[in-house]
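Trainee: sequence-free structure coming up:
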Ligand code: NOJ
Ligand code: CA
């Protein structure tokens with residue numbers, strides 16, 4: 001089970017379709033809008049897209065509640081638009097990854113409606129139902145009293161998201177409604193998911209980001225069932241679509257890669273290091289110098305050691321569920337975060353708008369089940385002006401309001417400035433892709449990380465090629481020494497703030513001014 005070669009050099013851009021570019025004036029982003037912006041996307045030097053779900057849905061969880069897995073939601077366009085998007089992206093060397101919501105459907109999905117009716121139907125076992133009233137349900141979450149069928153149904157996330165029934169690896173005999181994951185009735189659901197993948201791969205997409213990937217098989221204390229199902233899909237992909245990629249929302253790369261995924265994120269659920277770096281009040285990328293990067297480095301090195309060459313970690317700038325990396329940082333501070341993230345091993349993901357430093361917008365309330373996640377889902381800022389180039393609709397009609405800050409960043413303004421964050425982000429991604437040691441498979445070693453201290457320094461290497469990446473987010477000069485054979489051969493490639501690397505025998509002395517970052521190479 002090798003990984004497709006294109007991942008060795010992949011950099012992803014995540015698009016939240018409803019907030020990217022509207023072309024028909026309804027205030028909601030659409031697929032033709034993404035097509036129109038492909039040249040911009042290419043100009044970022046990224047070579048892959050991840051689109052959040054764009055399928056038919058009542059949008060009670062922004063499309064993560066799918067009512068028809070085979071059809072693009074009319075508000076985004078048509079299946080033909082998706083086909084064209086894949087073709088146009090491919091013509092520019094960009095792959096397209098869709099979101100596969102494998103664990104659940106919407107309550108409006110015809111499979112669920114049939115299974116929830118009082119009559120017997122072929123879909124009765126597609127979801128997890130108790131046999132009747134007052135039954136034991138264990139630790140799972142169930143909804144009762146909403147549907148004609150006599151029993152409770154299991155949910156995966158919101159009440160509108162009934163869990164598909166992939167079976168229980170170890171059914172609990174005291175709960176007879178739990179079907180074995182080998183049962184032919186649930187194996188039909190396994191095949192449905194394969195058919196959905198086949199449909200979109202045949203239409204032209206290049207793989208899937210799988211929502212709640214570890215949730216499929218229940219009653220699985222040792223993880224045997226979940227490894228089994230993803231190995232099953234992965235073997236089928238390897239045989240029929242060897243270039244296709246599976247990316248998990250699991251947030252435990254060792255488990256996800258063992259289960260057959262190519263990439264998993266280090267961002268939330270149990271991978272606390274990401275929060276330590278960017279999200280906690282006293283995080284490492286904070287000027288007060290109170291943060292601590294050591295847990296992140298431990299998690300990353302542990303994950304890399306476990307995975308080896310079987311897959312990749314992804315440390316994204318943010319995503320549609322998390323606060324944007326801008327937080328309380330200035331655009332200048334984002335040079336540090338972006339340098340750190342874009343040169344890490346594995347596969348980087350840029351969340352739309354982070355390349356220009358879009359901010360979180362507080363207080364927007366709930367939009368289609370977003371709740372506090374609205375803050376990071378606001379429309380892309382393409383240009384100055386009241387509509388920001390997002391749509392021709394009146395701003396009150398926009399999917400979510402624009403960032404009201406009069407100084408909000410936008411693409412058009414930054415395009416004119418060679419010193420902009422946009423220009424800098426492009427340069428970082430180009431640097432990464434031009435140098436094998438900086439790409440996905442290049443080696444990683446931490447050169448300096450001390451609990452509760454700046455700077456953080458790491459090395460990327462491949463053969464004789466070696467790079468040093470250093471960030472000092474603290475508002476204070478910091479000097480450190482670390483082992484670096486051949487330190488005299490390094491030349492500075494990126495300099496934000498005047499850091500100096502001096503050679504000592506077998507070591508390097510690094511002096512970093514406040515809020516600075518730099519990159520050196522021995523090439
Ligand atoms: C994770 C998705 O990223 C999130 O947006 C969604 O609400 C849940 N899964 C449920 O599908
Ligand atoms: Ca639209």
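Mentor: Sure, I can see it. Here the structure is a predicted model, which is why all the values come from computation and not from measurement. Numbering: from 1, shown residues only. Ligands and ions are numbered 1, 2, ... in the order given.

Trainee: partners of residue 350 in the sheet?
Mentor: With DSSP bridges applied, residue 350 shows beta-bridge pairing to residue 13.

Trainee: on the three-state scheme, whichever residue of the chain sits closest to ligand 1 is what?
Mentor: Using C-beta to the nearest ligand atom, residue 64 is the residue of the chain that sits closest to ligand 1, at 3.4 Å. C-betas here are computed from N, CA, C, even on glycine. Applying DSSP: H, G, I helix; E, B strand; the rest coil to residue 64 yields a three-state assignment of coil.

Trainee: how about residue 49?
Mentor: The three-state assignment at residue 49 reads strand, by three-state DSSP.

Trainee: what distance do you get for it to residue 93?
Mentor: Residue 49 sits 12 Å away from residue 93, going by C-beta to C-beta, to the nearest Å.

Trainee: name the residue in those two with the higher neighbour count.
Mentor: Between residue 49 and residue 93, counted using other C-beta atoms under 10 Å, the more crowded position is residue 49 (23 against 11).

Trainee: circling back: just to check, the residue of the chain closest to ligand 1 is in contact with residue 211?
Mentor: Yes - assessed by C-beta atoms under 8 Å, residue 64 is found in contact with residue 211 at 6.2 Å.

Trainee: which residues do these two both contact?
Mentor: Contact criterion C-beta atoms under 8 Å, 6 or more residues apart in numbering; residues shared by residue 64 and residue 211: 53, 99, 101.

Trainee: of these, closest to residue 187?
Mentor: residue 101 (19.8 Å; C-beta to C-beta).

Trainee: which non-adjacent residue is nearest that closest one?
Mentor: In this structure, residue 101 finds its nearest non-sequential neighbour in residue 211, 4.5 Å apart by C-beta to C-beta, 6 or more residues apart in numbering.

Trainee: list the contacts of that neighbour.
Mentor: Contacts of residue 211 (C-beta under 8 Å, 6+ apart): 53, 64, 99-103, 249.

Trainee: so which residues on this protein come close to ligand 2?
Mentor: Taking C-beta under 5 Å from the ion as the measure of proximity, the chain contacts ligand 2 at 22, 24, 26, 28, 30.

Trainee: report pLDDT for the second one.
Mentor: We have a pLDDT of 98 for residue 24.

Trainee: equivalent analysis for the fourth one, please.
Mentor: Residue 28 carries a pLDDT value of 99.

Trainee: got the contact list for it?
Mentor: Contacts here follow C-beta under 8 Å, 6+ apart; on that basis residue 28 touches 18, 22, 75-76, 391, 399.

Trainee: one more: the first one?
Mentor: When the contact criterion is C-beta under 8 Å, 6+ apart, the partners of residue 22 are 28-30, 33, 390-393.

Trainee: identify the residue nearest it in space, chain neighbours excluded?
Mentor: Using C-beta to C-beta, 6+ apart and skipping residues adjacent in sequence, the residue nearest residue 22 is residue 391, 3.5 Å away.

Trainee: and what about residue 188, helix, strand or coil?
Mentor: Here residue 188 is recorded as helix under three-state DSSP.

Trainee: count of residues packed around it?
Mentor: The burial count assigned to residue 188 is 14, neighbours taken as other C-beta under 10 Å.

Trainee: distance of it from residue 166?
Mentor: If you measure residue 188 against residue 166 using C-beta to C-beta, the figure is 10 Å.

Trainee: do the same with residue 252
Mentor: With distances defined as C-beta to C-beta, the gap from residue 252 to residue 166 amounts to 19 Å.

Trainee: so who does residue 490 touch?
Mentor: Contacts of residue 490 were listed using C-beta under 8 Å, 6+ apart, and they are 466, 468, 484, 501, 503, 508, 520-522.
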